[in-house]
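quick one: sequence and predicted model below, then my questions.
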Amino acid sequence: MAGAVALAACGGSDTADSDDPAPPASDAAEATGDEPEATDEADAGGEADAPAPSGDAAVDIDAMLAADLDDCVEAPTGDPIKVGMAMDFSEVVGFVDIPGSKLVPHAAALINCIGGVDGAPVEVRVEDVGGDATTAGVAAETLLDWGAQVLIGPPFADFALPILQATGGEVPLFVAASTEPTLADITQNSYLVSFDDNGQATAAAEYALEQGITRAFVFTQPGPYTGLNPDVFSEVFEAGGGEIVSTQTYEWGADTDFSAQVAELTDILDGTEAFYSAALGFQVTALRGQLEGAGFDGITYMGTDALDATGIQVEDNSNGVIHTPHDFIEPGDRSDMLLASYAATEGEELESRGFMGLYVDSMLLGLQGVADCGCTDPVGIGEAVAQIEGFEGFTGIITFAGTNGIPPKAVPIVQVEDGVDVLLQAN
């Protein structure tokens, strides 16, 4: 799907049909008026003013959530703030990027409904990176030609790095659902919005040790996500006095027959171990069933944010599985209200709920940069984003000042109980 979303101040969020090609960038701009003219030296391509520390919130989240799209204030008439989304709709991460690309335009419509950002409307345009590094660069160029001042990118480096090459480090890029630490580089205007893999794997290992677990085994596949998480878990677990009794390999996102691994583990496990990997939900429950069939009923199953992304809560035999979601959503909290607002407006429930706040926080951080710098050029916005401290978003408190682009966020530890996540602790 490639879509241009031009948001009316009081209208709902319109998403382009998946079969429709994206209109030329010039057409998307014309949907709300002419391109804004340069109003100061920074806007005209000159040197941007030094950003001030993050001040008042650019968007009142509570007012945004209370907005009624059928009863908006007067439409904002300032020059639009353009947020581009280069999303991966392939099978690899489409389960998070597709719903994320639906929720952000809706959130922008709510913001416009309460008057925009200092009188400026927010526009969102979505481009599919096409599951290919080359087309990822093309998607980024399309958004930049459209005039995007802030970009939201896909989770994995294969597609995010070509986008960074296209921006030349001059447009802030938020890799919304990514936990890859290598994608964060504040000098290149590239930011994580979540905790990183080091953080979530460390939190899981420390939690296991705190529960008195002294033995663990991991499943790994070489790679920055599938390999890094079990590597960090193993390192932290062993440093804390635990023992990694086995390291098994598998194919991430594909394998469900673990008979070879189970045959080997039968001679190693004693049934008191913790299991950890970056495997997807259906893979963890498949492995669990096969290990239980071999007589191992006391194993503690632990995993990464991938379990939340792939709906571990609704998988058969998931009771007791422990994982690290990005957003522990409770009935009636801000994230729940935003998702309910989307469902009421668009008539559909979004999946990967725990990831959705990351996409909206990405947009809000960009808008905060606009408000803090008092400018509209991407360079100035990026400089302001780098100084953000104590930003309160949907997924927690976010600070970039003094970091390399990875916010120091708490990692929720949750356990599935009867199809619902129960919070165990937030490290």
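Yep, that arrived.

ranges for the strands of the stretch 301-427 of the chain?
Under the criterion DSSP state E, counting those that start in this stretch, the stretch 301-427 of the chain contains strands at 322-323, 391-393, 396-398, 412-417, 420-426.

before we move on, what about the stretch 101-250 of the chain?
122-128, 150-153, 173-175, 190-192, 215-220, 243-249.

redo the strands of the stretch 301-427 of the chain as JSON lines? Include mean pLDDT and mean neighbour count.
For every residue, glycine as well, the C-beta is placed using N, CA and C. Below are these laid out as JSON lines (pLDDT from 0 to 100; neighbours: other CB atoms under 10 Å):
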{"stretch": "strand 322-323", "mean pLDDT": "98", "mean neighbour count": "26"}
{"stretch": "strand 391-393", "mean pLDDT": "96", "mean neighbour count": "19"}
{"stretch": "strand 396-398", "mean pLDDT": "95", "mean neighbour count": "20"}
{"stretch": "strand 412-417", "mean pLDDT": "97", "mean neighbour count": "21"}
{"stretch": "strand 420-426", "mean pLDDT": "94", "mean neighbour count": "14"}
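
let's have the strands of the stretch 101-250 of the chain in TSV, adding mean neighbour count and mean pLDDT.
Putting the strands of the stretch 101-250 of the chain into TSV (neighbours: other CB atoms under 10 Å; pLDDT from 0 to 100) gives the following:
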stretch	mean neighbour count	mean pLDDT
strand 122-128	27	97
strand 150-153	31	98
strand 173-175	29	97
strand 190-192	28	98
strand 215-220	23	98
strand 243-249	15	98
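
make TSV out of these and add distance to residue 362.
Supplementary listing: those in TSV, determined by distance: least, CB to CB, whole Å:
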stretch	distance to residue 362
strand 122-128	11
strand 150-153	5
strand 173-175	4
strand 190-192	8
strand 215-220	29
strand 243-249	34
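
still on that earlier bit, relative to residue 337, which of the strands of the stretch 301-427 of the chain is closest?
Checking these against residue 337 by CB to CB gives strand 391-393 as the closest, at 13.9 Å.

tell me what that closest one is packed against?
For strand 391-393, the packing partners by 3 or more CB pairs under 8 Å, 6 or more residues apart in numbering; DSSP states H and E come out as helix 353-373, strand 396-398.

highest average neighbour count across those?
Across those, averaging neighbours per residue (mean count of other CB atoms under 10 Å) puts helix 353-373 on top, at a mean of 26.

one step back: can you say which of the strands of the stretch 301-427 of the chain is nearest to residue 301?
Nearest of the strands of the stretch 301-427 of the chain (CB to CB): strand 322-323, 6.8 Å.

distance between the closest one and the chain's centre?
18 Å (CA atoms, centre = their mean, to the nearest Å).

residue nearest the centroid of the protein?
Ranked by distance to the mean C-alpha position of the chain (CA atoms, centre = their mean), the top residue is residue 177 at 2.1 Å.
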